[in-house]
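S.K.: With the sequence up front, the predicted model follows.
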Amino acid sequence: MAASASLLFVLLGLLDIGGLRTRLRANSPPQIHSIAVLPLRNLSSDPEQEYFSDGLTDELITDLAQIGSLKVISHTSTMQYKNAKKPLPEIARELNVDGIIEGTVQRSGDRVRITAQLIHGPSDKHLWANSYERDMGDVLAIEREITDEISRQVRVRVERRSQAPLPQPRPINPKALDAYLEGNYHLNRYGAGSGEEEQKKAAQYFQLAIDADPNFAPAYDGLASAHGQLIRSSSQDVAIEKRAEEKAIELDPNYADAYVTLGFLKWQPDLDWRGAEELFRRAIALNPNHAGAHDILGLLLVTTGRTQEALREGQIAQQLDPHNDHLSLILFHARDYDASIKMALSMLRRDPNDGMSHCLLFNDYFKIGSYKEAIDHLSQCYSLYGYTKAALNMRHAFAAAGFKAAVQRWAKDVEYLQATNQVYLPGNLATAHTILGDKDRAFYWLEQGYEHREMVSVDGGVFFLGTEPMYDPLRSDPRYKDLLRRVGLPQ
């Protein structure tokens, strides 16, 4: 009889009579494997507090990103939904996530009230909500509470891959937090229609944060970022970056952002390829959702000839930050120009003011022989970084005499900007003279890029010599092989 009963239950299970299993699944809580935090709405009476609510959004994302078993979308993608009126299922589909967090921030003096709710994006079903009110100095503790509660809701365990526990946030000086968030606001404006004045403002605010609270690690990371990725860097900027990130790690040994920056400095300007890779991988181990770490690791891998590994890292970064471009530069170095163009253009449709994407498209369009489009994007790039006169000169030269005239004008203007200490772009100048067929002048600027590596930042300089397509006409020259040897790349 027992055997017959067992057989009956097996048959019922196979047949799923009455759709019982389907109904049970329908009534079970939806599974959350990925999350996007939409920009927290500012409910304060002062619209100038937008930087504060945006900054808290970023901090909440950073906290959640340390849950190794949960995919968390980068803030640079979710911030594009600020004030958006799209239905949540549509946003969930665009970001390819199960869960969405919405919330509000209301600040009154030194009191802050934060509300948060977790929603199953595809069904628009509310799963959890709560509100918190604290003094300004306890805001980061609120965000940890939210992170812990969400981790319980989605049934995942909060842990880093290194197995190190997440430290409980300590109280922070309200002035330090305020200055830090305002510094981030200015930092994010650079290269999107604003020049280096935004970096300088950001540095000032981060220093104010450090002065108010010398033990606040993120402020040191912010200060390093404000001195990095400049049009004209210096040995002083590099020294400030290194000291700031070393201090950040001293205060928080598990601070992934600091390892990314230190890894970048080992690569550029130190040319310590292995050391840089180790630090990028350390950052990823600490925060597997760090899109920037996957991105920069991919770039290092592609220029050392490890194309497939590079593409995998770029694809991971793209999944974590789908509304920003983490693949087109890798694709360009892999010489898949059509795919690189397609990716960059799709990003520009979302954000036409992304100066770096316009710069890359100049290279892509040049390689496929679309010279008008190349100059259009190069001029937009220079304009978005604050060099509108050089941008106009390029356009006028192209209209009057064609592509080579525009490139000649480009080289002349960059040399003037460099002579007047406004930029340091030896890679741009090497590219321009390579296009013009002046190899000696191209090698002169490559040598300048090598000898003054600490001054090179967004330009690329000699750091991509291994696979840089724009330098292909130079590769057969013995001088190129010698440069490869000196930078530590295969010849």
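M.R.: On my side now, so go ahead.
S.K.: just the helices in the stretch 251-400 of the chain please.
M.R.: Along the stretch 251-400 of the chain, counting by DSSP state H, counting those that start in this stretch, helices occupy 256-267, 273-286, 291-303, 307-320, 328-333, 337-350, 355-367, 371-384, 388-401.
S.K.: and residue 462, what helix or strand is that in?
M.R.: Secondary structure assignment for residue 462, by DSSP states H and E: no helix or strand.
S.K.: circling back to that earlier point, what's the closest of the helices of the stretch 251-400 of the chain to residue 446?
M.R.: helix 291-303 (14.8 Å; CB to CB). Every residue, glycine included, has its C-beta placed from N, CA and C.
S.K.: centre of the chain versus that closest one, how much separation?
M.R.: 11 Å (CA atoms, centre = their mean, to the nearest Å).
S.K.: now swap in stretch 334-354 and tell me
M.R.: Relative to the centre of its chain, stretch 334-354 is centred 16 Å away, using CA atoms, centre = their mean.
S.K.: related to what we said a few turns ago, I'd like to know which of the helices of the stretch 251-400 of the chain is closest to residue 440.
M.R.: Judging these by CB to CB, what sits closest to residue 440 is helix 355-367, at 20.9 Å.
S.K.: and that closest one, average pLDDT?
M.R.: Helix 355-367 shows a mean pLDDT of 95.
S.K.: buried sites along that helix?
M.R.: 355-367 (16 or more other CB atoms under 10 Å).
S.K.: cool, stretch 267-278 as well?
M.R.: 267, 268, 269, 270, 271, 272, 273, 276, 277.
S.K.: And the furthest pair within those?
M.R.: Greatest spacing in those, by CB to CB: 269 and 277 (16.1 Å).
S.K.: Strands of this protein, start to end?
M.R.: Under the criterion DSSP state E, the chain contains strands at 34-37, 41-42, 71-72, 99-108, 111-120, 125-135.
S.K.: So which elements touch the second one?
M.R.: When contacts are defined as 3 or more CB pairs under 8 Å, 6 or more residues apart in numbering; DSSP states H and E, strand 41-42 sits against helix 50-64, strand 99-108.
S.K.: Turn those into a markdown table, including mean pLDDT.
M.R.: Shown next, in a markdown table, are the helices and strands packed on strand 41-42 (pLDDT from 0 to 100):
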| stretch | mean pLDDT |
| --- | --- |
| helix 50-64 | 87 |
| strand 99-108 | 91 |
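S.K.: Among these, which comes closest to residue 287?
M.R.: helix 50-64 (8.1 Å).
S.K.: Now do that closest one against helix 256-267, angle only.
M.R.: If you take axes from the mean of the first three to the mean of the last three CA atoms, to 10 degrees, helix 50-64 sits at 90 degrees to helix 256-267.
S.K.: name the helices or strands packed onto helix 50-64?
M.R.: Helix 50-64 sits against strand 34-37, strand 41-42, helix 75-78, strand 99-108, helix 139-153, helix 174-187, with contacts defined as 3+ CB pairs under 8 Å, 6+ apart.
S.K.: for the stretch 51-200 of the chain, which spans come out with low pLDDT?
M.R.: Scanning the stretch 51-200 of the chain for pLDDT under 70 picks out the ranges 68, 155-170, 190-195.
S.K.: contacting residues for the most centrally placed residue in the chain?
M.R.: Against the mean C-alpha coordinate of the chain, by CA atoms, centre = their mean, the closest residue is residue 292 at 4.4 Å. The neighbours of residue 292, taking CB atoms under 8 Å, 6 or more residues apart in numbering as the test, are 74, 257, 260, 317.
S.K.: for residue 321, same thing?
M.R.: Contacts of residue 321 by CB under 8 Å, 6+ apart are 73, 74, 76, 77, 291.
S.K.: surely the first one meets residue 35?
M.R.: Yes: under the criterion of CB atoms under 8 Å, residue 73 is in contact with residue 35, at a separation of 7.1 Å.
S.K.: intersection of neighbour lists for those two?
M.R.: residue 97.
S.K.: Give me the phi and psi for residue 352.
M.R.: With angles defined as degrees, to the nearest 10, residue 352 sits at phi -70, psi -10.
S.K.: Can you give me the neighbour number for it?
M.R.: 13 (other CB atoms under 10 Å).
S.K.: Tell me the spacing between it and residue 154.
M.R.: As judged by CB to CB, to the nearest Å, residue 352 and residue 154 stand 35 Å apart.
S.K.: hang on, the earlier thing: to residue 306, which of the strands of the chain lies closest?
M.R.: strand 71-72 (24.4 Å).
S.K.: ok, now which ones touch the residue nearest to residue 464 when sequence neighbours are not counted?
M.R.: The shortest distance from residue 464 to any non-neighbouring residue, by CB to CB, 6 or more residues apart in numbering, is to residue 303 (4.8 Å). By CB under 8 Å, 6+ apart, the contact list for residue 303 reads 333, 463, 464, 465, 466, 467, 468, 489.
S.K.: how about 6 Å then?
M.R.: 464, 466, 467 (CB atoms under 6 Å, 6 or more residues apart in numbering).
S.K.: Could you report the pLDDT at it?
M.R.: As predicted, residue 303 sits at a pLDDT of 93.
S.K.: Nearest to residue 457, out of the helices of the stretch 251-400 of the chain?
M.R.: Checking the helices of the stretch 251-400 of the chain against residue 457 by CB to CB gives helix 256-267 as the closest, at 9.6 Å.
S.K.: now that closest one: mean pLDDT?
M.R.: Here the average pLDDT along helix 256-267 is 94.
S.K.: Just list what that helix packs against, helices and strands only.
M.R.: helix 217-226, helix 235-251, helix 273-286, helix 291-303 (3 or more CB pairs under 6 Å, 6 or more residues apart in numbering; DSSP states H and E).
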